[in-house]
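J.: Quick one: sequence and predicted model below, then my questions.
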Amino acid sequence: MRMKTRLIHGGVDGDPATGAVSVPIYQVSTYKQEAVGKHKGYEYSRTGNPTRFAVEQYIADIEGGIRGFAFGSGMAAISSVVMLFDKGAHFVVGNDVYGGTFRVLSKVFNRFGIEATFVNTTDTNAIKAAIRPNTKAIMLETPSNPLLTVTDIAAVSEITQDQNLYLIVDNTFMTPYWQNPLELGADIVVHSATKYLGGHSDVVAGLAVVKDQALGDELHFVQNSVGAILGPQDSWILLRGMKTLGVRMEEHEKNARRIAAWLSERKDITKVFYPGLTSHPGHDIAARQGRGFGGMMSFDVGSLERANQVLSRVKLFTLAESLGAVESLISVPAQMTHASIPAERRAELGITDGLIRISVGLEDVEDLIEELERALS
């Protein structure tokens with residue numbers, strides 16, 4: 001099946017018990033057993049719930065994995081993946097990952113003896129140099145947040161296979177519609193499903209997919225033990241949102257390409273970050289490892305003062321922390337999503353005070369351009 005068809009018919013298709021086209025919401029905590037240990041596949045909803053299972057099977061199908069897992073948030077998904085590893089483990093991590101990922105690794109898991117070294121994952125030599133005897137995994141985002149840095153997943157996979165490491169890829173920005181990291185050599189894929197997968201600013205969720213059964217068994221053990229699961233109501237909302245992922249992602253990208261080209265022509269914009277631009281570093285890699293470039297971009301207006309000026313003048317772009325929704329969203333990473341990263345570290349990475357990130361929505365693109373024109377003038 002092609003991707004648009006898989007998005008409609010993947011996973012659990014309807015309800016075999018009643019013929020319902022939509023998977024029902026199983027709002028239940030426990031399940032009747034015929035005898036001790038004899039049940040119909042479910043015994044307690046922390047361990048498994050039919051609605052959550054439908055989401056988990058669905059994301060596994062569209063990412064091309066063996067098993068999927070649904071969590072209460074993207075950070076719960078990432079944290080649960082980190083919990084696969086023992087005290088003393090070391091991670092090599094992309095240096096411009098989402099601020100929440102940086103925070104949980106550097107300020108929470110470090111308390112439990114798990115270390116992380118942050119490097120430029122576009123540089124394979126930098127990755128190799130950061131690997132230690134206790135390194136267990138490489139974790140990256142591509143494109144990254146907020147600079148849209150593109151990492152060659154297959155090239156990093158060669159390193160992890162050679163060094164017997166795991167490769168963990170955050171695929172939130174691209175989604176399975178445009179990019180499938182497991183096919184490129186990743187072992188685990190994670191998503192903040194709050195973003196494009198849900199797509200409507202109405203659910204907080206996280207997903208993870210693994211490519212082999214043993215790893216799936218281990219992650220299920222963590223999921224069941226820790227209990228950071230997605231509830232049945234939110235599972236159903238997420239399922240409904242993902243059915244339209246294909247048509248939404250195509251419109252997001254079409255609008256983003258148009259806005260990125262328009263911004264690139266302006267002399268009052270310092271720089272535009274969008275993988276779909278041929279001038280973007282990593283454009284060729286992005287084109288090779290994906291089927292599109294997504295709807296996220298950032299651009300530098302030169303100063304915090306001007307960035308705040310733009311924010312004060314927009315109405316169609318909603319000032320908000322999130323991304324990937326039907327409505328266009330706008331933020332200043334240095335003050336919002338990446339505020340948890342120290343200022344000196346942001347400066348090193350190029351996350352300037354004048355950097356604006358936009359998640360291009362599904363509005364008429366001409367309306368969006370006209371609003372940005374007014375805000376920038």
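T.: Looks like it arrived, so ask away.

J.: out of everything not next to it in sequence, what's closest to Glu141?
T.: Distances taken as CB to CB, 6 or more residues apart in numbering place Asp170 nearest to Glu141, at 4.2 Å, with adjacent residues excluded. For the C-beta atoms, the positions are set from N, CA and C on the backbone; glycine is no exception.

J.: dump the residue contacts of that neighbour.
T.: Applying CB atoms under 8 Å, 6 or more residues apart in numbering to Asp170 gives the contacts Ile78, Val97, Tyr98, Thr101, Met139, Leu140, Glu141, Val189, Val190, His191, Ser192.

J.: Now for the nearest residue to the second one once chain neighbours are set aside, how many residues are close by?
T.: To tie it back to what came earlier, the one meant is Val97. The shortest distance from Val97 to any non-neighbouring residue, by CB to CB, 6+ apart, is to Glu141 (5.3 Å). The local packing of Glu141 (other CB atoms under 10 Å) involves 24 other residues.

J.: One more: Val365?
T.: By the measure other CB under 10 Å, the count of residues near Val365 is 19.

J.: mind checking how far it is from Ala261?
T.: Val365 sits 11 Å away from Ala261, going by CB to CB, to the nearest Å.

J.: cool, Val332 as well?
T.: Val332 sits 23 Å away from Ala261, taking CB to CB as the criterion.

J.: Counting neighbours, go ahead and name the busier of those two.
T.: For Val332 versus Ala261, the count of surrounding residues by other CB under 10 Å is larger for Val332: 25 against 13.

J.: Apart from its neighbours in sequence, what residue is nearest that one?
T.: Excluding its sequence neighbours, the residue lying closest to Val332 (CB to CB, 6+ apart) is Ala307, at 5.1 Å.

J.: One more: Thr117?
T.: Nearest to Thr117 is Ala130, by CB to CB, 6+ apart, at 4.6 Å.

J.: same deal with Val314?
T.: Ala375 is the one closest to Val314 (CB to CB, 6+ apart), at 5.1 Å.

J.: How is Lys136 assigned, secondary-structure-wise?
T.: Counting by DSSP: H, G, I helix; E, B strand; the rest coil, the backbone at Lys136 sits in strand.

J.: Number of residues surrounding it?
T.: For Lys136, using other CB under 10 Å, the count is 19.

J.: Distance of Met139 relative to Gly68?
T.: Distance of Met139 to Gly68, given as CB to CB: 19 Å.

J.: hang on, the earlier thing: give me phi/psi at the residue nearest to Val97?
T.: As for Glu141, its main-chain torsions (degrees, to the nearest 10) stand at phi -120, psi 140.

J.: Was I right to think the residue nearest to Thr117 contacts Ala116?
T.: No. Judged on CB atoms under 8 Å, Ala130 makes no contact with Ala116 at a distance of 9.8 Å.

J.: Can you check which residues contact both of those two?
T.: Residues touching both Ala130 and Ala116 by CB under 8 Å, 6+ apart: Val92.

J.: Provide a list of residues in contact with Tyr42.
T.: Contact partners of Tyr42, counting by CB under 8 Å, 6+ apart, are Tyr31, Gly48, Asn49, Pro50.

J.: one step back: give the buried residues for the host helix or strand of the residue nearest to Val332.
T.: Element membership for Ala307 (DSSP states H and E) is helix 304-313. Neighbour counts over helix 304-313 (16 or more other CB atoms under 10 Å) mark Arg306, Ala307, Asn308, Val310, Leu311 as buried.

J.: between those, which is closest to Asp268?
T.: Closest approach to Asp268 among the buried residues of helix 304-313 (CB to CB): Arg306, at 8.6 Å.

J.: Quick check: the gap between that closest one and Ala375.
T.: 10 Å.

J.: for the stretch 1-150 of the chain, which spans come out with low pLDDT?
T.: Under the criterion of pLDDT under 70, none of the stretch 1-150 of the chain is flagged as low confidence.

J.: what ranges do the strands span in it?
T.: 67-71, 90-94, 115-119, 135-141 (DSSP state E, counting those that start in this stretch).

J.: Please identify the deepest-packed of those strands.
T.: When the strands of the stretch 1-150 of the chain are scored by mean count of other CB atoms under 10 Å, the highest mean neighbour count falls to strand 67-71 (a mean of 26).

J.: Measure how buried the residue nearest to Val314 is and give me the count.
T.: The number of residues near Ala375, taken as other CB under 10 Å, comes to 20.

J.: same check, this time on Ser144
T.: Count around Ser144 with other CB under 10 Å applied: 25.

J.: Give me the packing partners of the helix or strand Ser225 falls within, helices and strands only.
T.: Using DSSP H and E, Ser225 falls within helix 213-226. Judged by 3 or more CB pairs under 8 Å, 6 or more residues apart in numbering; DSSP states H and E, the packing partners of helix 213-226 are strand 67-71, helix 74-82, strand 206-210.

J.: which other residues reach the longest one?
T.: Contacts to helix 74-82, defined as CB under 8 Å, 6+ apart, come from residues 69, 71, 91, 100-101, 104-105, 108-109, 114, 168, 170, 172, 188, 190-195, 205-208, 219, 222-223, 226, 228.
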